[in-house]
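# build me a model from this:
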Amino acid sequence: MSKESTREDIVSDQELKDMVAQTDTGARHPAGVPGKILFGVPLAWSLFQLWYASPLPFFFNFGVFNNTEARSIHLAFALFLAFTAYPAFKRSPREHIPLQDWIFAILGALSAAYIYLFYESLSGRSGAPITQDLVIASIGMLLLLEATRRSLGPPLMVVAIIFLIYTFGGRYMPDVIAHKGQSLSKVMSHQWLTTEGVFGVALGVSTSFVFLFVLFGAMLEKAGAGNYFIKMAFALLGHMKGGPAKAAVVASAATGLISGSSIANVATTGTFTIPLMKRVGFSGAKAGAVEVASSTNGQLTPPVMGAAAFLMIEYVGISYLEVIKHAILPAVISYIALFYIVHLEALKANMQGLQRPVNSTLAQKLMTFAAIVAGTCVIGLAVYYGIGWIKSYTGDAAFYIVSALVLVAYVGLVKFAARYPELEIDDPDNPVMELPEVGPTVKVGLYFLLPIVVLMWCLVVERFSPGLAAFWATLFMILIVITQRPLVALFRGESGDVEWMQLLHGVNDCIDGLVIGARNMIGIGVATAAAGIVVGTITLTGIGQVMIEFVEFISGGYLILALIFTAAICIVLGMGLPTTANYIVVSSLMAPVVVSLAASNGLIVPLIAVHMFVFYFGILADDTPPVGLAAFAAAAIAKSDPIKTGIQGFMYDIRTAILPFLFIFNTQLLLIDIDGWFELLLVIVSAVIAMLLFAAATQGYWLTRSRLWESLALLLVAFTLFRPGFWWDELYAPMEIIPATEIVQVAENTPANGKLQVTVAGENLDGKFIRKTILLPLGDAGSGEARLISAGLETRTEGDKVYVDNVVFGSVAQNAGIDFDWEIVHIEVEADRPAKQWMFVPALILLALVGLVQRRRHARQTAQDAAVSV
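The predicted model follows:
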């Protein structure tokens, strides 16, 4: 802040820091021995997680923990830190830790560690807990709920309590959701002593994957990558109209690599970008809203996404690489649209950019920009094809060869960076600010991209698990944090004493990064454990099936109404729940509902599409008034009204809210069922154009200010480009109905590893009549009967009807939801019809018409303005 900062500004900045601390790391920083404990315990947690993720325990045959033991220790650390780092109330002391909090912390840690400490005994009496087990479980549950309240606020605690009340008092519930109720022994055993509840999948993902990625981000930030990404974005984009806002969008997308927290993202980039946006003409509310929209979308950006993305691996049953593939296009087009929205806002207000350095000529700018683009492309191609080539020719030795090459590249890039001055953190309130030169700014931090290269190499080429990939990337980041300063001093020819001091500085930064990474994990660790209570309730009471019937009833069987209902639940819960907990709760309850309802409507919706739907709306809740915490953080920086900032941010994020509905009905946006490079290119180009037009329509401005009919026409064109099949299906039937009696012949004609789309109907075990459409994987080519049997399906024909005669237990047919004695109503195959992309032609003609009208009106307005000025 500048010297002229008022006392009010200082208080606001302190409030911002407190908000981030209360949300992400805990607000307590006591001195003396408690401070050392609050420093040492997170450090020990990070070291434990690195040890658990590494191959060393198996190499030394020492310190090997199974998944359940690791989850137990993980939660023990989280609960201990939740009570010591987070005050009980706003008025509670922050300079010291009260005695009762020490007691709660120790009891919580021991309750969580109980499974690890008595693992053998508990395994021997599984399902038959003794009194000691139940007492420990009860204490642990109560302390987990209190830790949840402290670290995440009351909402998630209230949700967990409601589900526990439902578990115990099922017989007193309304008939539609009633069940027989469960005993204390059964509930505590299920929720605390097994891996079905608190210590379930969500906590397992937090232990195995999320911690390492959060630590990786903390190390990137400690190394200075956050400042580098911000300065690079400003150097490249700050000179454009509304340049600081465009730079904020790009910087927040890059910072999404560092932090999965939208609030931390706002605090990291917003303190610099928001004042600059205000300087070039944005109001405080709009400047804060741009930062909020950019920061919340940071969690959507691969390869390092929010913690919920890692849960998809377990819940959907796909690899992390597939999650990245499905997430990449929506994330990219969402950011492109936000960038375009900022551009339109700048055009409407006739904003200007920041001043370029006077010593940069146009030729130098073009050459530098071209060199950066070409260099990035060369690096990307070298990583993808070069490492792949090394792997194919050297096999297992490729790991060591590529490691050596990465180290050589790191040293070379640091030597290259040492030629340029270090990037300092500028004062955004300084009345005079020139943009940094593009070339030196970009070159000074190129080695920060290497950890991302290592991460993608481990994921894509080596096919390591996300946890192991994050381990190697984090290990490389630790090396960078420790060595970058002494290496720069060495290459600059500074004295040995300076090198030694810089090395000590690097070691201290590394230790601080380990501590910050662990403290950033407190809320996530507690949230995944508390959300496990909800998952445990679902598995214990069977409410999942009840929810299917309930939502089907209130939606009238219409899929779009069920999706709106799901989105509303996500946003309402997300106002108080962190994204991770929101995703666990809603996806556990609603994902099966949407898939089932779609199937009953004859629509096959991939499970990943539904989970991405929930993920997106959980993230959007961070800027939804009245409780959007990211909006409050941005408003504190912008000195604006948080409600207005949140509303404006949500208006900017409408484009993100539309995407989930679109990719439910057009899964090609998730890069599913795309045949060949041409179709891939067509999908990408049409989606980008559609999102830009949608942004222009919602902003009421394209080539000039739009009239109502022009905005409606742009919306129509955008919808057609996004979902051309909607109109095409009205002209041509998408599927050809084939009688069920031809199932054997159709199965034989289905391509190898293809899927047979079948509509089945029959009664389930509860006596309810079910009708749905399924995709039945058929595997290798062969005779139709053999392929059906290999899929686990045996049929019988009675007249002109075909029935399921047998379903093999555990087969793909059973997993697809087919039951014994159901009727196979008919088979559906894709109809032979023209490509749906032909609908792009009338859409583009309409777009050209709108463009022609607006271009002429803009020319007239420009001529009139010129005449007036004369």
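# just give the nearest non-adjacent residue to residue 700, would you?
Take residue 700 and drop its neighbours on the chain: the residue closest to it by C-beta to C-beta, 6 or more residues apart in numbering is residue 706, 5.1 Å away. Bear in mind the C-beta positions are built from the backbone N, C-alpha and C, glycine included.
# and the pLDDT for that neighbour?
According to the per-residue confidence, residue 706 scores 91 in pLDDT.
# average pLDDT for the helix or strand in which residue 289 is found?
Element membership for residue 289 (DSSP states H and E) is helix 284-297. Confidence over helix 284-297, taken as the mean pLDDT, stands at 84.
# and if you look at stretch 354-366?
Predicted confidence along stretch 354-366 averages 55 (mean pLDDT).
# could you number the chain from 34 rather than 1 from now on?
In the new numbering, first residue 34, that becomes stretch 387-399.
# so residue 322 touches residue 675, yeah?
No. When contacts are counted by C-beta atoms under 8 Å, residue 322 is not listed as touching residue 675 (10.7 Å).
# those two: which is more packed in?
Between residue 322 and residue 675, counted using other C-beta atoms under 10 Å, the more crowded position is residue 322 (32 against 22).
# if I look at the more buried one, how far off is residue 367?
Using C-beta to C-beta, to the nearest Å, residue 322 is found at 15 Å from residue 367.
# cool, residue 117 as well?
Applying C-beta to C-beta, the value for residue 117 to residue 367 is 39 Å.
# who's more crowded, the two?
Taking neighbours as other C-beta under 10 Å, residue 117 and residue 367 compare with residue 117 leading, 25 against 22.
# nearest residue to the more buried one other than its sequence neighbours?
With sequence-adjacent residues excluded and distances taken as C-beta to C-beta, 6+ apart, residue 117 is closest to residue 138, at 5.0 Å.
# from the chain's centre, how far out does whatever helix or strand that neighbour lives in sit?
Here residue 138 is covered by helix 132-150, with elements defined by DSSP H and E. Mean C-alpha position of helix 132-150 versus that of the full chain (C-alpha atoms, centre = their mean, to the nearest Å) differs by 31 Å.
# buried sites along that helix?
Of the residues in helix 132-150, those buried under the neighbour-count criterion (16 or more other C-beta atoms under 10 Å) are 134, 137-138, 140-149.
# next one: stretch 564-573
Of the residues in stretch 564-573, those buried (16+ other C-beta under 10 Å) are 564, 565, 566, 567, 568, 569, 570, 571, 573.
# in JSON lines: the residues you listed, plus secondary structure, pLDDT and distance to residue 263.
Compiled in JSON lines, the buried residues of stretch 564-573 are given as follows (DSSP: H, G, I helix; E, B strand; the rest coil; pLDDT from 0 to 100; distance: C-beta to C-beta, whole Å):
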{"residue": "564", "secondary structure": "helix", "pLDDT": "87", "distance to residue 263": "33"}
{"residue": "565", "secondary structure": "helix", "pLDDT": "90", "distance to residue 263": "37"}
{"residue": "566", "secondary structure": "helix", "pLDDT": "92", "distance to residue 263": "39"}
{"residue": "567", "secondary structure": "helix", "pLDDT": "87", "distance to residue 263": "38"}
{"residue": "568", "secondary structure": "helix", "pLDDT": "86", "distance to residue 263": "38"}
{"residue": "569", "secondary structure": "helix", "pLDDT": "89", "distance to residue 263": "42"}
{"residue": "570", "secondary structure": "helix", "pLDDT": "89", "distance to residue 263": "43"}
{"residue": "571", "secondary structure": "helix", "pLDDT": "85", "distance to residue 263": "42"}
{"residue": "573", "secondary structure": "helix", "pLDDT": "88", "distance to residue 263": "48"}
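# residue 587: neighbour count?
The number of residues near residue 587, taken as other C-beta under 10 Å, comes to 9.
# same thing with residue 179?
17.
# my guess is it meets residue 137, correct?
Yes. The pair formed by residue 179 and residue 137 meets the contact definition of C-beta under 8 Å, at 7.0 Å.
# what is in contact with those two at once?
Common contacts of residue 179 and residue 137 (C-beta atoms under 8 Å, 6 or more residues apart in numbering): residue 116.
# how close does residue 565 get to residue 103?
When distances are taken as C-beta to C-beta, residue 565 and residue 103 turn out to be 15 Å apart.
# apart from its chain neighbours, what residue comes closest to residue 235?
Nearest residue to residue 235, sequence neighbours excluded (C-beta to C-beta, 6+ apart): residue 561, at 4.0 Å.
# return the helix or strand hosting that neighbour as PDB; C-alpha atoms alone will do.
With the criterion set as DSSP H and E, the secondary-structure element containing residue 561 is helix 555-574. The C-alpha trace of helix 555-574 is given here as PDB (Å, rounded to 0.1, in the frame of the first residue of the first chain):
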ATOM      1  CA  ILE A 555      -6.700 -28.400   7.600                       C
ATOM      2  CA  GLY A 556     -10.100 -27.400   6.200                       C
ATOM      3  CA  ILE A 557     -10.000 -29.900   3.300                       C
ATOM      4  CA  GLY A 558      -9.000 -32.800   5.600                       C
ATOM      5  CA  VAL A 559     -11.900 -32.000   8.000                       C
ATOM      6  CA  ALA A 560     -14.400 -31.300   5.200                       C
ATOM      7  CA  THR A 561     -13.800 -34.700   3.500                       C
ATOM      8  CA  ALA A 562     -14.100 -36.500   6.900                       C
ATOM      9  CA  ALA A 563     -17.400 -34.600   7.700                       C
ATOM     10  CA  ALA A 564     -18.800 -35.200   4.300                       C
ATOM     11  CA  GLY A 565     -18.000 -38.900   4.800                       C
ATOM     12  CA  ILE A 566     -20.800 -38.800   7.400                       C
ATOM     13  CA  VAL A 567     -23.300 -38.000   4.600                       C
ATOM     14  CA  VAL A 568     -21.900 -40.800   2.400                       C
ATOM     15  CA  GLY A 569     -22.100 -43.200   5.400                       C
ATOM     16  CA  THR A 570     -25.700 -42.300   6.000                       C
ATOM     17  CA  ILE A 571     -26.600 -43.000   2.300                       C
ATOM     18  CA  THR A 572     -25.000 -46.400   2.400                       C
ATOM     19  CA  LEU A 573     -26.500 -47.200   5.800                       C
ATOM     20  CA  THR A 574     -30.100 -46.100   5.200                       C
END
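# same for it, what does it pack against?
Helix 555-574 makes packing contacts with helix 100-118, helix 164-185, helix 187-201, helix 217-225, helix 234-238, helix 612-633 when contacts are defined by 3 or more C-beta pairs under 8 Å, 6 or more residues apart in numbering; DSSP states H and E.
# quick one, the helix holding residue 138 and helix 555-574 angle?
Compare the direction of helix 132-150 with that of helix 555-574 by axes from the mean of the first three to the mean of the last three C-alpha atoms, to 10 degrees and you get 60 degrees.
# touching helix 132-150 from outside, list them.
Under the criterion C-beta under 8 Å, 6+ apart, residues 98, 101-102, 104-106, 108-117, 121, 155, 169-170, 172-173, 176-177, 179-180, 226, 232 lie in contact with helix 132-150.
# packing partners of the helix or strand following that helix?
Using DSSP H and E, the helix or strand that follows helix 132-150 in sequence is helix 152-157. Helix 152-157 sits against helix 100-118, with contacts defined as 3+ C-beta pairs under 8 Å, 6+ apart.
# the same query, at a cut-off of 10 Å, please.
Of the remaining helices and strands, those touching helix 152-157 by 3 or more C-beta pairs under 10 Å, 6 or more residues apart in numbering; DSSP states H and E are helix 100-118, helix 132-150, helix 164-185.
# alpha carbons of the second one, as CSV, please.
The one in question is helix 132-150. Extracted C-alpha coordinates of helix 132-150, given in CSV (Å, rounded to 0.1, in the frame of the first residue of the first chain):
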residue,chain,number,x,y,z
LEU,A,132,-6.4,-25.2,27.8
GLN,A,133,-9.7,-26.6,26.6
ASP,A,134,-8.5,-26.4,23.0
TRP,A,135,-5.4,-28.4,23.9
ILE,A,136,-7.6,-31.0,25.4
PHE,A,137,-9.9,-31.1,22.4
ALA,A,138,-7.0,-31.3,20.0
ILE,A,139,-5.4,-34.2,21.8
LEU,A,140,-8.6,-36.1,22.2
GLY,A,141,-9.5,-35.5,18.6
ALA,A,142,-6.1,-36.7,17.4
LEU,A,143,-6.3,-39.8,19.6
SER,A,144,-9.8,-40.6,18.4
ALA,A,145,-8.8,-40.4,14.8
ALA,A,146,-5.6,-42.3,15.4
TYR,A,147,-7.5,-45.0,17.2
ILE,A,148,-7.9,-47.0,14.0
TYR,A,149,-4.2,-46.9,13.4
LEU,A,150,-3.2,-47.6,17.0
